[in-house]
Structures are given as structure tokens and as C-alpha cells.
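A.B. asks: Sequence first, then the predicted structure:
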Amino acid sequence: MYFYVLIAIILAFSPQRYALFTRLPGWLYHVLFWVAYFGAATVIALSNRPIHRWTFFLQLLTLLPPDMLQVYLNIYILIPRLLFCKKYALYFSTLLASVFLHSALFIGLHRYYTYHGETGFNYVKDFTIGNFLIQVLNIFSLIGLTTGIKLLKDWMRQERQWQEKEKQHIQTELSFLRSQIHPHFFFNTLNNLYSLTVRKSDQAPEVVLMLSDLMSYMLYGSDTPTVPLDKEIANLENYIALEKLRFGGRLTLCFEKKGDTSFLQIPPLLLITFVENSFKHGLKDRMGPVRIDICLRVEKEALLFEVCNPAGPEESEPGGIGLKNVRRRLDILYEGRYELQLKRADKLFEIKLKIPL
């Protein structure tokens with residue numbers, strides 16, 4: 001009889017539907033399971049044999065506590081204390097003994113109710129080997145089903161915990177990666193600001209304002225998953241303006257913007273590493289004039305960002321720690337959906353980035 005009951009429960013607790021039940025309180029989850037189990041047993045009993053008295057349902061209900069005791073004994077005592085501790089012989093011997101006692105009690109209740117006039121239980125009323133085998137198979141089916149559900153529940157909970165930890169780890173890593181602006185930039189800017197202050201230059205207040213805006217954006221304005229693209233561009237322009245002040249007239253820089261940038265969002269501090277890299281390597285150990293070209297272009301559902309600068313004399317391969325960090329950040333944010341090309345040719349270092357919007 002319980003073979004069909006178990007099939008009904010398996011269908012009711014399929015993996016797709018099971019995910020919804022994991023969000024319920026623990027006690028309600030158990031109540032729903034046993035209500036479904038008893039309901040299926042009742043339906044099967046009504047369809048297979050005539051029921052003459054309503055007391056049959058109360059008697060059928062008394063068969064539920066032994067099943068519950070067997071299930072919870074296995075799930076909460078035998079498995080964690082014996083099976084998971086690799087006490088296999090003790091686990092299986094204890095389980096078999098409990099199943100034997102459960103089957104004997106089950107047949108005894110059937111025998112008692114049959115002798116008191118309820119014919120609905122007379123299909124299993126004798127202590128025979130055949131009846132014992134039937135009950136053993138039934139209870140092992142129930143044990144297997146509930147153990148599988150318990151293991152599935154534990155796995156899904158661990159999976160959610162792992163995903164939450166992974167999410168926290170990714171957020172921490174993103175926060176670290178987007179903070180990797182070269183510290184020498186701030187020291188050099190402060191030195192330039194000091195020189196302007198000593199000379200009482202009219203540019204000093206402007207430099208203070210730009211540096212304040214830049215640091216405010218890096219510390220506070222970028223503490224969100226995305227920011228308006230226009231704010232990111234304004235931050236780049238502040239950075240470029242301060243670098244122009246640092247290198248003076250020997251630097252020629254062209255920053256070209258194409259397309260409509262309004263209402264677009266982008267991860268903060270994603271592009272500035274490429275610009276910083278162009279200054280770091282493009283002007284390294286160079287005394288003469290230097291040209292850097294930057295192009296930001298918005299196309300349909302994509303942002304293209306290109307930087308071209310003279311290759312540094314010590315660069316054997318394109319890139320550095322900063323570019324490795326930004327590539328890692330791109331892998332996290334746009335896994336399989338971005339294009340990044342690093343190319344060194346004709347003494348130029350070119351970067352081309354394409355990300356979805």
C-alpha cells in the first residue's frame with residue numbers, strides 16, 4: 001500500500017517545488033510533509049477496500065506516530081551520530097533492529113483493529129515472514145525518501161550559505177580592486193600643490209578643488225554597484241586635469257567622447273585604471289613631448305573605451321599589476337560578456353575595452 005503513498009509524496013516534493021518549501025518555517029515544513037503522507041495513505045485506503053466505520057480513520061491515524069518516530073530516529077540520531085561518524089556496522093544493525101520492531105508494532109496494530117471489527121486492516125494481520133517483508137520494504141521506502149529530502153534540504157541550505165559567502169567575497173574583492181589607484185598619484189599631486197602654493201599661483205585653489213572632488217568620489221561616490229556614466233567621465237576628467245598639471249606642456253592629451261552618455265550606468269572606477277596606466281608607462285623615463293589619446297564611445301548596448309600611449313621602455317609585455325586587477329574585476333562583473341585587447345605595436349601601447357550596458 002505505501003508504495004503508492006511514497007510515489008505521491010515524491011511527486012508532491014519534486015526538486016522544483018521543494019525549493020519553495022525550504023523558505024517555510026521548519027515546523028511547518030514537517031507538518032506539511034506528514035499531512036501529505038497521511039492524506040495519501042487515506043486516499044489509497046479508500047480506493048482499495050470498503051470502509052464501514054468512521055473510526056477507521058482514527059485507527060489509521062495511530063499508525064502515523066510509529067512512522068514519525070522511525071523517520072526522526074534515523075535522521076536526527078542514527079545518521080549524525082553513527083553514519084556520519086563512520087560507525088557503519090552499528091548504524092545498520094541499529095536501523096535494522098528499529099525497523100524490525102516498527103514492523104512488529106505495525107502488524108500488531110493491524111491485528112488488534114481487525115479483531116475488534118475493522119475489516120479495513122485485515123490484509124496484514126498475521127505475524128508471517130511475508131507480512132514482515134512487506135512492512136520492512138514499506139518502512140525502508142519511507143526512510144529512504146525522508147533521508148533523501150533531509151539531505152537535499154541540507155545541501156540546498158549549504159549551497160545558499162556558500163553562495164552568500166561567495167557574494168560577500170566577491171563584493172570584498174571588488175571593493176579592493178576598485179581601490180587600486182596608484183598612491184604615487186596623490187603624493188605627486190600634493191607636491192605639485194605645495195609648489196603652486198609656495199609660488200602663490202592662481203591655480204592652487206583649482207587644484208585643491210579638483211583633488212577634493214576626486215578623493216570624494218573615490219571614497220564616497222563610488223560606494224555603489226553602479227554610478228552614472230557622466231559621473232565616471234567627470235572623475236576621469238578631474239584625474240586627467242591633475243596629471244596635465246603634473247607633467248606640464250610636454251603632455252598632449254586628447255579625450256574624445258562620442259554618443260549619448262546620459263542615463264547610462266557603469267561600475268565605478270572601472271576605466272580610471274587604464275588612464276592611470278597610460279600616464280604611468282607612457283611618460284616613464286621620457287623627457288620630451290608625449291601624446292596620449294583616449295576615446296570613449298557609446299554604441300547600441302555597449303561601451304567602447306580605447307587608450308593609446310607610448311609604450312614604456314621597460315615593458316616586455318603589455319600590462320601590469322593594475323591591468324591584472326582590472327581584468328579580474330571585469331571577469332567578476334562581466335564574465336564572458338566583455339572584450340579586452342592589450343596590444344603593443346610601433347612603440348605604442350593600445351588598450352581596447354568593450355563592455356555591455
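C.D. replies: Perfect, thanks for sending it.
A.B. asks: Quick check: residue 260 touching residue 298?
C.D. replies: Yes. Shown here, residue 260 and residue 298 form a contact pair, counting by CB atoms under 8 Å, at 6.1 Å. Any C-beta I mention is one placed from the backbone N, CA and C, and that applies to glycine too.
A.B. asks: Give me the more crowded residue out of these two.
C.D. replies: residue 298 (17 against 8; other CB atoms under 10 Å).
A.B. asks: Identify the residue spatially nearest to that one, adjacent ones excluded.
C.D. replies: residue 259 (3.0 Å; CB to CB, 6 or more residues apart in numbering).
A.B. asks: what's the answer for residue 257, then?
C.D. replies: Computed as CB to CB, 6+ apart, the closest residue to residue 257 that is not its neighbour in sequence is residue 296, at 5.0 Å.
A.B. asks: what about the strands in the stretch 1-150 of the chain?
C.D. replies: Applying DSSP state E, counting those that start in this stretch to the stretch 1-150 of the chain gives no strands.
A.B. asks: mind listing the helices for it?
C.D. replies: Assigned by DSSP state H, counting those that start in this stretch, the helices in the stretch 1-150 of the chain fall at 2-12, 15-21, 26-48, 55-61, 64-73, 88-115, 129-177.
A.B. asks: Kindly present those as a markdown table, with separate columns for distance to residue 248.
C.D. replies: Below are the helices of the stretch 1-150 of the chain laid out as a markdown table (distance: least, CB to CB, whole Å):
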| stretch | distance to residue 248 |
| --- | --- |
| helix 2-12 | 76 |
| helix 15-21 | 63 |
| helix 26-48 | 69 |
| helix 55-61 | 91 |
| helix 64-73 | 79 |
| helix 88-115 | 78 |
| helix 129-177 | 31 |
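A.B. asks: will you turn these into a markdown table that also has mean neighbour count, distance to residue 356 and mean pLDDT?
C.D. replies: Putting the helices of the stretch 1-150 of the chain into a markdown table (neighbours: other CB atoms under 10 Å; distance: least, CB to CB, whole Å; pLDDT from 0 to 100) gives the following:
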| stretch | mean neighbour count | distance to residue 356 | mean pLDDT |
| --- | --- | --- | --- |
| helix 2-12 | 16 | 41 | 47 |
| helix 15-21 | 11 | 29 | 50 |
| helix 26-48 | 14 | 40 | 77 |
| helix 55-61 | 15 | 59 | 77 |
| helix 64-73 | 16 | 50 | 90 |
| helix 88-115 | 16 | 53 | 86 |
| helix 129-177 | 14 | 17 | 78 |
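A.B. asks: which of the residues in the host helix or strand of residue 257 are buried?
C.D. replies: Residue 257 is part of strand 251-258, with elements assigned from DSSP states H and E. Across strand 251-258, burial judged by 16 or more other CB atoms under 10 Å covers 251, 253.
A.B. asks: Run me through the strand neighbours of that strand, direction for each.
C.D. replies: strand 290-299 (parallel) (DSSP bridges).
A.B. asks: Please enumerate residues in contact with the partner strand?
C.D. replies: 229, 233, 236, 240, 247, 250-261, 264, 271, 275, 278-279, 282-283, 303-310, 357 (CB atoms under 8 Å, 6 or more residues apart in numbering).
A.B. asks: could you dump it to PDB, C-alpha only?
C.D. replies: Taking C-alpha atoms only, strand 290-299 is exported to PDB below (Å, rounded to 0.1, in the frame of the first residue of the first chain):
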ATOM      1  CA  VAL A 290      54.300  62.800 -25.200                       C
ATOM      2  CA  ARG A 291      50.900  62.200 -26.700                       C
ATOM      3  CA  ILE A 292      48.100  60.200 -25.100                       C
ATOM      4  CA  ASP A 293      44.800  59.500 -26.900                       C
ATOM      5  CA  ILE A 294      41.600  58.400 -25.100                       C
ATOM      6  CA  CYS A 295      38.300  57.700 -26.700                       C
ATOM      7  CA  LEU A 296      35.000  56.800 -25.000                       C
ATOM      8  CA  ARG A 297      32.300  55.800 -27.400                       C
ATOM      9  CA  VAL A 298      28.700  54.700 -26.600                       C
ATOM     10  CA  GLU A 299      27.200  52.400 -29.200                       C
END
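A.B. asks: and the helix or strand residue 340 falls within, what other elements does it pack with?
C.D. replies: Element membership for residue 340, per DSSP H and E: strand 339-345. Contacts defined by 3 or more CB pairs under 8 Å, 6 or more residues apart in numbering; DSSP states H and E place strand 339-345 against helix 321-333, strand 348-356.
A.B. asks: same thing but 10 Å
C.D. replies: helix 272-282, strand 302-310, helix 321-333, strand 348-356 (3 or more CB pairs under 10 Å, 6 or more residues apart in numbering; DSSP states H and E).
A.B. asks: tell me which residues of it are tucked away?
C.D. replies: 340, 342.
A.B. asks: and that strand with strand 302-310, angle?
C.D. replies: 20 degrees (axes from the mean of the first three to the mean of the last three CA atoms, to 10 degrees).
A.B. asks: between strand 339-345 and strand 348-356, how big is the angle?
C.D. replies: Using the same axes, to 10 degrees: strand 339-345 against strand 348-356 is 170 degrees.
A.B. asks: Show me how far strand 339-345 is from its chain's centre.
C.D. replies: 31 Å (CA atoms, centre = their mean, to the nearest Å).
A.B. asks: For it, list the C-alpha coordinates in PDB.
C.D. replies: Output of strand 339-345 as PDB, limited to C-alpha atoms (Å, rounded to 0.1, in the frame of the first residue of the first chain):
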ATOM      1  CA  GLU A 339      36.200  42.200 -24.700                       C
ATOM      2  CA  LEU A 340      39.600  43.500 -23.600                       C
ATOM      3  CA  GLN A 341      42.500  43.800 -26.000                       C
ATOM      4  CA  LEU A 342      46.100  44.800 -25.000                       C
ATOM      5  CA  LYS A 343      48.400  45.400 -27.800                       C
ATOM      6  CA  ARG A 344      51.900  46.800 -28.200                       C
ATOM      7  CA  ALA A 345      53.000  47.800 -31.700                       C
END
